[in-house]
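Student: Got a sequence here, can you build the structure:
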Amino acid sequence: MAEPAKSSPLSELRIALPSLPMRLQEVGRFVAANDYDATTRSMRDLAAVAGADPAAFTRLAKAIGYSGWDELRAALTEARRPLQTSPFSGRAKSRRHGPHADVALVTDKLEAEAAGLPRIPAQPIAEAARSLHDAKRIWIAGYRSCRSVAELLNYELRLFRPEQVQLVGASGPDDLDLGAFRPGEAVIVIGFLPYTHASVRVAQAAYRAGATLIAIADSVSAPMAEGADHVLLFEAASSPGFFPSLTGAIAIAQSLAAVTFSLGGLAAKKRLENTEARLAAASTYVSEKG
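Tutor: As a prediction, the model looks like this:
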């Protein structure tokens, strides 16, 4: 029997952060945000940049189960090595046999998708929507397949807040937007395993800027969820098929838009009506035939 996969040192660190003393939390967040430097620079150099006592790095390592900083640094180095992973083909199953095998797969997938939606908690979504309502500007980031979720949320929010919502990287290189994050703004990052480096960079930039960070993710230990003000969880891996499910992420995105619109009251309704009038004037939609 194969041994269970060991969690990454960064995942172990992120999970342990809430239970650590405040000073170790600060050092832990520094390591999580600068894991490359942690593998290449001396502990003394890291401490100088972090404004911490070098011994704090040793205490941090011991607090999460390592013998010392050298062992944690070695684990971080090993975790950064490229892996020949198969995140999608590894999910694929052999084709079922029988006259109704394909229909059975569709049925199983639809049932799994439907079963996952009621397990999404509503209260955290409502709280995150209140943060969006209060935000001066809303930034949305989603990469690869999660780009579709980000674009849907961007479209719905811009129907009634056209000047205050923007996709990260929509008008130029991502790094220009990362430098534009400000306190009082909200940054939404969407992702599931395997997580993209780009999504982590967006989340880290939002955290450093003091913006409200909202993570729509498949796990509380997702690297783009570390330090988030709101973590909205969906089930990506429970549905059959070679590709993880985005149904829950889409439901969360649409719920965020619905509640944010509701909180906007008459002003939001008026802006939505203005958008509808502009679309009608442009003959955007096919006319219904009576």
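Student: could you pull out the strands for this structure?
Tutor: All strands of the chain, identified by DSSP state E, fall at 138-142, 165-167, 186-191, 212-217, 230-233.
Student: show me the residues around F30 that make contact.
Tutor: Going by CB atoms under 8 Å, 6 or more residues apart in numbering, F30 touches 46, 49-50, 52. (Glycine included, C-beta is placed from N, CA and C.)
Student: Out of the strands of the chain, which is the most enclosed?
Tutor: Among these, strand 186-191 has the highest mean neighbour count (mean count of other CB atoms under 10 Å), at a mean of 30.
Student: now the angle from it to strand 138-142?
Tutor: Angle of strand 186-191 versus strand 138-142, following axes from the mean of the first three to the mean of the last three CA atoms, to 10 degrees, is 10 degrees.
Student: what residue ranges in the stretch 151-290 of the chain score low on pLDDT?
Tutor: The stretch 151-290 of the chain contains residues with pLDDT under 70 at 289-290.
Student: Residue ranges of each domain in this structure, please.
Tutor: 9-80, 117-282 (the TED database).
Student: right, so of those, which gets closest to T107?
Tutor: domain 117-282 (10.0 Å; CB to CB).
Student: R182: neighbouring residues, count only.
Tutor: Residues near R182, counting by other CB atoms under 10 Å, number 11.
Student: gap between it and V231?
Tutor: Distance, R182 to V231, using CB to CB, to the nearest Å: 22 Å.
Student: So which elements touch the top helix by length along the chain?
Tutor: In the chain, taking DSSP state H as the definition, the longest helix is helix 247-281. For helix 247-281, the elements it packs on are helix 101-116, helix 122-134, helix 146-158, strand 186-191, strand 212-217, judged by 3 or more CB pairs under 8 Å, 6 or more residues apart in numbering; DSSP states H and E.
Student: Same list (the strands of the chain) but as a markdown table, adding distance to G248.
Tutor: Shown next, in a markdown table, are the strands of the chain (distance: least, CB to CB, whole Å):
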| stretch | distance to G248 |
| --- | --- |
| strand 138-142 | 14 |
| strand 165-167 | 21 |
| strand 186-191 | 11 |
| strand 212-217 | 9 |
| strand 230-233 | 8 |
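Student: Please name whichever of the ones you listed is nearest to D35.
Tutor: Among the strands of the chain, strand 186-191 sits nearest to D35 (CB to CB), with 17.2 Å.
Student: strand partners of that closest one, parallel vs antiparallel please.
Tutor: Strand 186-191 has the following strand partners under DSSP bridges: strand 138-142 (parallel), strand 212-217 (parallel).
Student: Packed most tightly, which of the helices and strands packed on helix 247-281 would that be?
Tutor: strand 186-191 (a mean of 30).
Student: Export that one to CSV, keeping only CA atoms.
Tutor: Written as CSV, here are the backbone C-alpha positions of strand 186-191 (Å, rounded to 0.1, in the frame of the first residue of the first chain):
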residue,chain,number,x,y,z
ALA,A,186,-11.6,44.5,-2.1
VAL,A,187,-9.6,41.8,-4.0
ILE,A,188,-11.3,38.5,-4.9
VAL,A,189,-9.1,35.6,-5.9
ILE,A,190,-10.5,32.3,-7.2
GLY,A,191,-8.7,29.0,-7.4
